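Colleague: Pasting a predicted model and its sequence here:
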Amino acid sequence: MNASWKNRSLVAAVAIVVVAGLISLARLQPAQAARDDAPLTGPRYSVIETEAHNLIVTDNKNNTLYFYTIDKDKEIGSELKLRGTIDLGQVGKTAITPTKTAPAQ
């Protein structure tokens with residue numbers, strides 16, 4: 001190989017590396033904070049636990065846990081009633097206070 005052929009090969013190799021670097025930089029997307037009005041990217045509700053007499057569900061959009069159960073001394077399969085909710089935004093605090101639901105009259 002003569003000197004000019006080696007120079008051309010070196011220039012071509014450098015050009016390929018530069019183009020590959022520019023392509024990979026163009027494909028990178030900066031991290032963006034999630035917005036409150038962003039669409040939910042999974043199921044809206046998740047069932048945490050259920051038995052014949054209770055149901056615990058999370059609302060993934062509102063970060064709320066719901067607890068349902070039947071009335072005391074009712075038979076299995078009776079109507080489940082909302083007993084309380086918990087704001088999952090409180091997770092990590094020393095204490096979490098559930099919101100109790102008033103009984104229906």
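Modeller: Sure, I can see it. Given the structure is predicted, the values throughout are model-derived calculations rather than measurements.
Colleague: got any ranges where the chain has weak pLDDT?
Modeller: Flagging of the chain using pLDDT under 70 yields the residue ranges 1-3, 5-6, 22, 24-26, 28-40, 102-105.
Colleague: at 80 instead, please
Modeller: Applying pLDDT under 80 to the chain flags the ranges 1-9, 11-15, 17-41, 101-105.
Colleague: Could you break it into its assigned domains?
Modeller: Following automatic domain parsing, the chain resolves into domains at 1-30, 45-100.
Colleague: Endpoint to endpoint, the last one covers what distance?
Modeller: Which is domain 45-100. 20 Å (C-alpha to C-alpha, to the nearest Å).
Colleague: For the domains of the chain, give me TSV that also has mean neighbour count.
Modeller: Backbone N, C-alpha and C define where each C-beta goes, glycine included. Shown next, in TSV, are the domains of the chain (neighbours: other C-beta atoms under 10 Å):
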stretch	mean neighbour count
domain 1-30	9
domain 45-100	13
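Colleague: who touches the closest residue to residue 78 other than its chain neighbours in this structure?
Modeller: In this structure, residue 78 finds its nearest non-sequential neighbour in residue 70, 4.4 Å apart by C-beta to C-beta, 6 or more residues apart in numbering. Residues in contact with residue 70, defined by C-beta atoms under 8 Å, 6 or more residues apart in numbering, are 53, 54, 76, 78, 79, 80, 81.
Colleague: Repeat that for residue 68.
Modeller: Neighbours of residue 68 in contact, by C-beta under 8 Å, 6+ apart: 54, 55, 56, 57, 80, 81, 82, 83.
Colleague: and the gap between residue 65 and residue 41?
Modeller: Noted for residue 65: a distance of 20 Å to residue 41, by C-beta to C-beta, to the nearest Å.
Colleague: now the helices for this protein?
Modeller: 3-27 (DSSP state H).
Colleague: which stretches of it form strands?
Modeller: Counting by DSSP state E, the segments of the chain that form strands are 45-50, 54-59, 64-69, 81-87, 99-100.
Colleague: Residues touching the fourth one, excluding its own?
Modeller: Judged by C-beta under 8 Å, 6+ apart, the contacts made with strand 81-87 from elsewhere in the structure are 63-71, 96, 98-101, 103-104.
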